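Participant: Predicted structure and sequence below. I'll ask about it afterward.
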Amino acid sequence: MIELIDSHFHLESEPYDGERDEIVARAVQNGVSAMITIGTSMESNAQAVALAERYDALWAVVGIHPNHAHEWGIEAEMALRGWASHPKVVAIGEIGLDYYWDRVPPERQQRAFEAQLALAAELALPVVIHDREAHGPVLATLRDWAATLPDEAQRGVLHCFSGDSAMAAEALEMGFYLGVDGPLTFKNARTLQAMVVDWPLDRILIETDAPYLTPHPFRGKRNEPSYVRYVAEQLAELRQESFEAVARRTTDNARTLFQLEYEPTQ
């Protein structure tokens, strides 16, 4: 069976209550050998780590999302330090800026973003970046941060990339990966579909962001990590490459960035 990795979803989310065993089992049965569940708040971080302990195929990322930036402070920093020492925690995230929802003042989001980037650098962990309608400030912040890192340090991934081609080019030049999700399969995603053809395949991660952003043909229904196959298939079709080659390369990318060590399910 061809191996896939869902490098970004949210297993702790309420839509999965009572069904998490089935969600994980169904993903593994469909060739998803590893999944990364992403924390966004103090509560969801704790849940993500506990779930990573529960399932062999699951890893966790911990961080304070910009829409929860009001939680950032000494207690949150100490908690992240503790969670980051767990062997199944592989990055700091989902961190960044969100100017769409406007739930937290931009200045407070920025402080939490910069502090968590500094923490990730100190702990030698990659970052998972959230960017919604904040492309310029996100890119400027990452530019300053990446300049302080050693050349060999893993930067991270711009999750569910939504910027333009110039932003993609600069992010790639800085050493970031770019994440693609269900919207790649949407008919109206022509700009994104055109861009991914030009991105180097060794810098692309496939994601679901489940339970959100469900790909075609299940759009409108609850998403789950087994659907990451549809993102990989669309990526392969757009690039006119084999599904096997795209699956293999994106899986290797995720394993490299997040330093995942496991034996794939046969």
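Facilitator: Good, I have the coordinates.

Participant: CA-only coordinates of the biggest strand by length in the chain in PDB, if you can.
Facilitator: In the chain, taking DSSP state E as the definition, the longest strand is strand 89-98. Taking Å, rounded to 0.1, in the frame of the first residue of the first chain, the C-alpha atoms of strand 89-98 are listed here in PDB:
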ATOM      1  CA  VAL A  89       5.700  16.400  20.200                       C
ATOM      2  CA  VAL A  90       7.400  17.400  17.000                       C
ATOM      3  CA  ALA A  91       6.900  21.100  16.500                       C
ATOM      4  CA  ILE A  92       5.600  24.400  17.900                       C
ATOM      5  CA  GLY A  93       2.300  25.500  16.300                       C
ATOM      6  CA  GLU A  94      -0.200  26.400  15.200                       C
ATOM      7  CA  ILE A  95       1.200  29.900  15.600                       C
ATOM      8  CA  GLY A  96       1.000  33.000  13.400                       C
ATOM      9  CA  LEU A  97      -1.300  35.900  12.700                       C
ATOM     10  CA  ASP A  98      -5.000  36.000  11.800                       C
END
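
Participant: Just the strands from the stretch 1-150 of the chain, written as ranges.
Facilitator: Ranges of strands within the stretch 1-150 of the chain are 4-9, 32-38, 58-62, 89-98, 127-132, based on DSSP state E, counting those that start in this stretch.

Participant: Point out the other elements, helices or strands, that the longest one touches.
Facilitator: Right, the one you point to is strand 89-98. Packing partners of strand 89-98 (3 or more CB pairs under 8 Å, 6 or more residues apart in numbering; DSSP states H and E): strand 32-38, strand 58-62, helix 74-84, helix 106-123, strand 127-132, helix 135-146, helix 243-258. All C-beta atoms are positioned from the backbone trio N, CA, C, and that covers glycine.

Participant: try 6 Å this time
Facilitator: Packing partners of strand 89-98 (3 or more CB pairs under 6 Å, 6 or more residues apart in numbering; DSSP states H and E): strand 58-62, helix 106-123, strand 127-132, helix 135-146.

Participant: Between the strands of the stretch 1-150 of the chain, which one is closest to residue 239.
Facilitator: Closest of those to residue 239 is strand 4-9, at 16.1 Å (criterion: CB to CB).

Participant: Not counting its own residues, what contacts the closest one?
Facilitator: Under the criterion CB atoms under 6 Å, 6 or more residues apart in numbering, residues 31-32, 34-36, 38, 159, 205, 207-210, 225, 228, 247, 251, 254 lie in contact with strand 4-9.

Participant: just how off-centre is that strand within its chain?
Facilitator: Mean-position distance between strand 4-9 and its chain equals 8 Å (CA atoms, centre = their mean, to the nearest Å).

Participant: do stretch 186-202 as well
Facilitator: Its chain's C-alpha centre and that of stretch 186-202 lie 17 Å apart, by CA atoms, centre = their mean.
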